[in-house]
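S.K.: pasting the sequence and the predicted coordinates here, then a few questions.
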Amino acid sequence: MATSPPFPTYPPGPEGLVLRHPHWWQRRWVRYGALITLLALSGLVILALVRKQTGTEGFLVGLGLAMLPVPWLIAAFRWLDRVEPGPWRNLVFAFAWGACAAALIAIVANSFATKWIATATADPASANTLGATVIAPIVEESAKAAAVLLVFLFRRRDFSGIVDGVVIAGITATGFAFTENILYLGTAFGTDQLTGDRGIASVTAATFFVRIVMSPFAHPLFTTLTGLGFGFAALCAERQRARRVLLPICGLLLAMSMHAFWNGSSTFGEFGFFAVYGAFMVPVFGLLTWLAIWTRQRELRTVREELPAYVLAGWLGPAEPFALGSMGARGTARDYARHHHGRAAARAVTQYETYATSLAFLRRRGRQGKAGADFVVRERELLDELWKRRDVARPALEYAARTAAPAWPMYAAPVPPASWPGYGYPAVPYPAYNPYRS
């Protein structure tokens, strides 16, 4: 039986067409080098500014205390992103941008704006209040949103929905909060050194309790709203340009508003901070946490619903949609591969799971009419990556499916609409059909 080739074919170009090399600024190594240089210089400048304000000893104390919530926050966002894990380079960029570039922008802009307001009004107290409740939220949330925007524009394949927006925004804000906590805790420690305060009554202890114990999620919570806006925009079709622009802007405005409300809580009276924390921050945190977990479960359901179409086409085994749609079964498959074939096999299974999840999301967008012009090419790329790893991944996933549910259902692929591009696979029961065999 003749089948389509494993790679898409491309129409030949016009005769005499000369392929031009990209300009030097369009080369990947130039862009990576420029970005790394920018972040490194920002990191050095922010390091010098923070150390100048806190002193060496205060900087070291602030650094040690500020690091405590970072692993937990990153682990939480990585757990949320386990269905379709994004590449590490995006997360490293997001954290570095928040800790270096966004923090530098915030320190410089906030200081300049506060001094200008104090000079113009001759009222330093009002300038500090206005700077904290108006200037800081606008500047800081805009600086953090820039990282989400860059990933959205230049890593579009890695940014496919709500979870991606939440994760990139949360990691960026975690980096920003890390640098800000160094500054606040280091300054508090320096104050205690001058006043001689020690123990639980010290400014350092109070700052640690408020920023590290009570509200380590504050900055991630604010910026997550921006990430939600970009995540919803990623779900829109390309022709819905107004929504793709307005949704991120709405998310950013919500992040600024929530940030301003939180910063202004100290002006609401003696117990204003605790009232805002209990009546507003905690419920919003719970709501967004529920939304993120619900979205994660929805992604797993998408995997179970979309992949059966590839079973009868011969690309996937009959048990794989069930196994790939269960985080427990995925873990079992990785453990099976690691136990029988080593770590390299476990990594191959992990990659297989990621590519299969991306394929399910791509097919859903195609079925909804939201796929881009490169749908066919991208689908073939993902299918080819799966086929390369099938010998290791398929037995592991079948074992995981038998362990989780001994009687998994045999799927029948739904008949797709004729207008859907790229779906030309014959409906022949697995395993009679081999996509690479004519």
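M.R.: Yep, it's here.
S.K.: got the contact list for the helix or strand bottoming out on mean pLDDT in the chain?
M.R.: In the chain, the helix or strand scored least confidently by mean pLDDT, DSSP states H and E is helix 124-130, which has a mean of 78. Contact partners of helix 124-130, identified using CB atoms under 8 Å, 6 or more residues apart in numbering, comprise 114-115, 117-118, 121, 267. The way it works is simple: take the backbone N, C-alpha and C, and place the C-beta from them, glycine included.
S.K.: try 7 Å
M.R.: Residues from elsewhere that reach helix 124-130 (CB atoms under 7 Å, 6 or more residues apart in numbering): 114, 117-118, 121, 267.
S.K.: show me what contacts Leu382?
M.R.: Per CB under 7 Å, 6+ apart, neighbours of Leu382: 355, 358-359, 362.
S.K.: quick check on the residues you listed: which are buried?
M.R.: 355, 358-359, 362 (16 or more other CB atoms under 10 Å).
S.K.: farthest-apart pair in those, please.
M.R.: Comparing all pairs in these by CB to CB, the longest separation belongs to Tyr355 and Leu362, at 10.2 Å.
S.K.: what's the closest of the buried ones among the contacts of Leu382 to Pro216?
M.R.: Ser358 (31.6 Å).
S.K.: export stretch 153-169 as CSV, just CAs?
M.R.: Backbone C-alpha positions of stretch 153-169 (Å, rounded to 0.1, in the frame of the first residue of the first chain) are rendered in CSV as follows:
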residue,chain,number,x,y,z
LEU,A,153,6.8,36.6,20.0
PHE,A,154,10.1,34.7,19.4
ARG,A,155,9.3,31.2,20.9
ARG,A,156,5.8,30.9,19.6
ARG,A,157,5.9,27.1,19.3
ASP,A,158,6.7,26.9,23.0
PHE,A,159,3.8,29.2,23.9
SER,A,160,0.6,27.4,23.1
GLY,A,161,-1.8,28.2,25.9
ILE,A,162,-2.7,29.4,29.4
VAL,A,163,-0.3,27.2,31.3
ASP,A,164,2.7,28.4,29.2
GLY,A,165,1.7,32.0,30.0
VAL,A,166,1.4,31.3,33.7
VAL,A,167,4.7,29.5,33.9
ILE,A,168,6.7,32.0,32.0
ALA,A,169,5.2,34.9,34.0
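S.K.: tell me, how many residues neighbour Ala360?
M.R.: 28 (other CB atoms under 10 Å).
S.K.: local confidence estimate at Phe7?
M.R.: According to the prediction, Phe7 has pLDDT 41.
S.K.: same check on Pro12?
M.R.: In this model, Pro12 carries a pLDDT of 44.
S.K.: which element is Ala106 on?
M.R.: In the assignment (DSSP states H and E), Ala106 maps to helix 103-121.
S.K.: got the buried residues for that helix?
M.R.: 103-107, 109-110, 113-114, 117-118.
S.K.: so what does that helix touch, helix or strand wise?
M.R.: Judged by 3 or more CB pairs under 7 Å, 6 or more residues apart in numbering; DSSP states H and E, the packing partners of helix 103-121 are helix 28-66, helix 124-130, helix 136-154, helix 162-195.
S.K.: ok, now with 6 Å
M.R.: Applying 3 or more CB pairs under 6 Å, 6 or more residues apart in numbering; DSSP states H and E, we find helix 103-121 packed against helix 28-66, helix 124-130, helix 136-154.
S.K.: return the most buried member of those helices.
M.R.: Ranked by mean neighbour count under mean count of other CB atoms under 10 Å, those are led by helix 136-154, which reaches a mean of 22.
S.K.: distance of the closest residue to Gly58 other than its chain neighbours from Ala99?
M.R.: Among residues not flanking Gly58 along the chain, Gly186 sits closest, at 3.7 Å (CB to CB, 6 or more residues apart in numbering). Distance check for Gly186 against Ala99: by CB to CB, to the nearest Å, it reads 15 Å.
S.K.: those two: which is more packed in?
M.R.: The neighbour count for Gly186 versus Ala99, taken as other CB under 10 Å, is higher for Gly186 (27 against 24).
S.K.: what's near enough to touch the more buried one?
M.R.: Residues near Gly186 by CB atoms under 6 Å, 6 or more residues apart in numbering: 54, 58-59, 62.
S.K.: Ala400 too?
M.R.: Ala400 makes contact with 323, 329, 332-333 under the criterion CB under 6 Å, 6+ apart.
S.K.: mind showing which ranges of the stretch 301-438 of the chain have poor pLDDT?
M.R.: 405-438 (pLDDT under 70).
S.K.: let's go with 80 and repeat that
M.R.: For the stretch 301-438 of the chain, the stretches with pLDDT under 80 are 371-373, 404-438.
S.K.: cool, the stretch 51-200 of the chain as well?
M.R.: In the stretch 51-200 of the chain, residues with pLDDT under 80: 120-127, 196, 199.
S.K.: contacts for the helix or strand containing Leu287, please.
M.R.: Using DSSP H and E, Leu287 falls within helix 282-306. Residues outside helix 282-306 that contact it (CB under 6 Å, 6+ apart): 80, 83, 162-163, 166, 217, 221, 224, 321, 324-325, 357, 360, 363-364.
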